[in-house]
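**Q** can you look at this prediction? I've put the sequence above it.
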Amino acid sequence: MYNLIEGKKISEQIKDEIADEVKKIVSKGGKTPHLAAILVGTDGASETYVASKVKSCEQVGFNSTLIRFDENISENELLRAIHDLNEDDDIDGFIVQLPLPKHISEDKIIMAVDPNKDVDGFHPQNVGKLALGIPSFISATPLGIIEMLKRYNIETSGKHCVIIGRSNIVGRPMSILLSQKGSSGDATVTLCHSKTKNLKEIANSADILIAAIGSKEFVTADMVKEGAVVIDVGMHRTESDKTKSGWKLTGDVKFDEVAPKCSFITPVPGGVGLTTIAALLLNTLFAAKNK
Ligand code: NAP
């Protein structure tokens, strides 16, 4: 029988720990941590993610500011808004919710964020520090997955971790973290992508399999070793007549057939999505404390 890795339980734990720390900081006369989020346009999924982030800030006692722009905002206007947040002493960290409209260069926007306020961990300076093992902001999804593995006492040392997907925000930083020396690292990592040959065979040799492909129910039972740990990063909105919203979330893993083979598996929803938000709060606390 598999064990479910409960993202909700972990994220509540992390939030309680952060809330305690905020109380301590404030009781000693310190400043309340403040996270800002920029949202461009009205994409449904982005709206939902940003709303959860803002709500989570309230839960832990952070201040939060949501800055909305019309999808027609020019790149220069958005860069000016980022400059203002960089200069604002009250803001400890901020995020620009991706994806952005096509006429805005995401790379330019990421580069414009002050690396000391880059709580998404996307700036090259933070990615470089991560690669060298220097304390830095770590992209929230991989950081949340590391918290999951730690809190469920899942050993990574000497294990074969296979990651499917090499994005800059999930797969690649995940591979760096798991291959680092020390606790929650020391794994032998294989990073797979669309040009990988024998993907099924490689996935089958994984002690820990992380799916970040962006393809609904891509990972099937025949790709998973008996007793493996499976982490599903995928998030797909699919229409459903069984929910009030008219849609439901599905992952990159075909849960029903994969779960019986696993020792541990994350559900979607209720898995990685929630720990990602908790990890963003951890990064914001780190920003506030290291100012
Ligand atoms: P992405 O930028 O969409 O990239 C997908 C990766 O998967 C690429 O590296 C691609 O290879 C690889 N890939 C695509 N098809 C493949 C195939 N047939 N075989 C092997 N590899 C294949 O990835 P992402 O931004 O990391 O997103 C992945 C998923 O995670 C999406 O569903 C996204 O919504 C979700 N997500 C969830 C969270 C969360 O908080 N839960 C956070 C971020 C993302 P190439 O590089 O060769 O193209």
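**A** Happy to help now that I have it.

**Q** I'd like the mean pLDDT over stretch 140-150, please.
**A** Model confidence over stretch 140-150 averages 98 on the pLDDT scale.

**Q** and residue 91, how many neighbours?
**A** 20 (other Cβ atoms under 10 Å). The way it works is simple: take the backbone N, C-alpha and C, and place the C-beta from them, glycine included.

**Q** same question, the one 5 residues further on
**A** Using other Cβ under 10 Å, residue 96 has 25 other residues around it.

**Q** which residue comes closest to it once chain neighbours are left out?
**A** In this structure, residue 96 finds its nearest non-sequential neighbour in residue 38, 4.6 Å apart by Cβ to Cβ, 6 or more residues apart in numbering.

**Q** so what's the backbone phi/psi at the one you found?
**A** Per-residue torsions, residue 38: phi -100, psi 130 (degrees, to the nearest 10).

**Q** up against the ligand, what does the chain have?
**A** 141, 164-167, 169-171, 192-196, 199, 212-215, 233-236, 252, 272-273, 276 (Cβ under 6 Å from any ligand atom).

**Q** which ChimeraX command selects the buried ones in those?
**A** ChimeraX command restricting the residues of the chain next to the ligand to the buried ones, with burial defined by 16 or more other Cβ atoms under 10 Å:
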select :141,164,165,166,167,169,170,171,192,199,212,213,233,234,235,236,252,272,273,276
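
**Q** element containing the residue nearest to the spatial centre of the chain, please.
**A** Nearest to the mean C-alpha position of the chain, by Cα atoms, centre = their mean, lies residue 141 at 1.7 Å. Residue 141 is part of helix 140-151, with elements assigned from DSSP states H and E.

**Q** what comes into contact with that helix?
**A** The contact list for helix 140-151 (Cβ atoms under 8 Å, 6 or more residues apart in numbering) reads 5, 7, 10-11, 13-14, 119-121, 154, 156, 169-170, 173-174, 177, 183-184, 208, 210, 212, 229, 231, 233, 266, 272, 274-280, 282-283.

**Q** just the residues of the chain next to the ligand: which are in strands?
**A** Among the residues of the chain next to the ligand, the members found in strands (DSSP state E) are 164, 192, 236.

**Q** export those as TSV, with columns for pLDDT.
**A** Compiled in TSV, those are given as follows (pLDDT from 0 to 100):
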residue	pLDDT
164	99
192	98
236	93
